[in-house]
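[1] Predicted structure and sequence below. I'll ask about it afterward.
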Amino acid sequence: MAATPEEPAKPIVAAGRITGCFGIKGEVKCETTRAARSLFVPGAELRYHVRSKSGLVRLAGVREHERHILLSLEGVTDRSSAEAFIGATLYVAREAIPLAPQEYFDDDLVGCVVVGVRGEAYGVVERVEHYPSSDVLEVGGSLIPLVSPIVLEVSLAQKRIVIDPPEGLITPARPGR
């Protein structure tokens, strides 16, 4: 669905990722971001992208299962059809996700420069991973828990994150790397 001149495209953000199939009736397992989880309800319409295919999908059903949610996608009624969605990233309009204080979109953190409290340069955030205990920033192959004792300041305007890591968590980047 393309935006018309009267209706500009809305910025979208990743809300979840389909990780596999569940059963034989076409359900898929989905890992969602914490902030977007409440948007996964029957009738919700999400954008998806998998391999070279993109489009819209409507949720016919949603239920909890262990750490995932299980989704029934409208028109997908068997495992074979569901397999086409494995690996799909699901997107929603950015303004649809309410963020609490100290909560950020992954896309906003990726590309931020990570520095220490004494000015040490650690690198740039390459990815954000979501684990049960905390979200983590991947910087130069190291994982930095996104928790207040370590991450002291996040400035999206400056694309800068200040950390005070415990010894051994991450080594400052060498110049030229």
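    Alright, I've got the coordinates. Numbers count the residues shown, from 1 in each chain.

[2] Off-centre distance for the helix or strand of the chain with the lowest mean pLDDT?
    Least confident helix or strand of the chain, by mean pLDDT, DSSP states H and E, is helix 106-109 with a mean of 90. Centre-to-centre, helix 106-109 and its host chain are 8 Å apart (C-alpha atoms, centre = their mean, to the nearest Å).

[3] Which positions in it come out as buried?
    Neighbour counts using 16 or more other C-beta atoms under 10 Å place 106, 108, 109 of helix 106-109 among the buried residues. The way it works is simple: take the backbone N, C-alpha and C, and place the C-beta from them, glycine included.

[4] domain ranges for this protein?
    Split into domains by automatic domain parsing, the chain comes to 12-96, 106-163.

[5] Looking at those, which is nearest to residue 171?
    Proximity to residue 171 (C-beta to C-beta) singles out domain 106-163 among these, at 7.6 Å.

[6] roughly how far apart are the nearest residue to residue 33 once chain neighbours are set aside and residue 142?
    Of all residues not flanking residue 33 in the chain, residue 15 sits nearest, at 5.9 Å (C-beta to C-beta, 6 or more residues apart in numbering). Remark: distance between residue 15 and residue 142 (C-beta to C-beta, to the nearest Å) = 27 Å.
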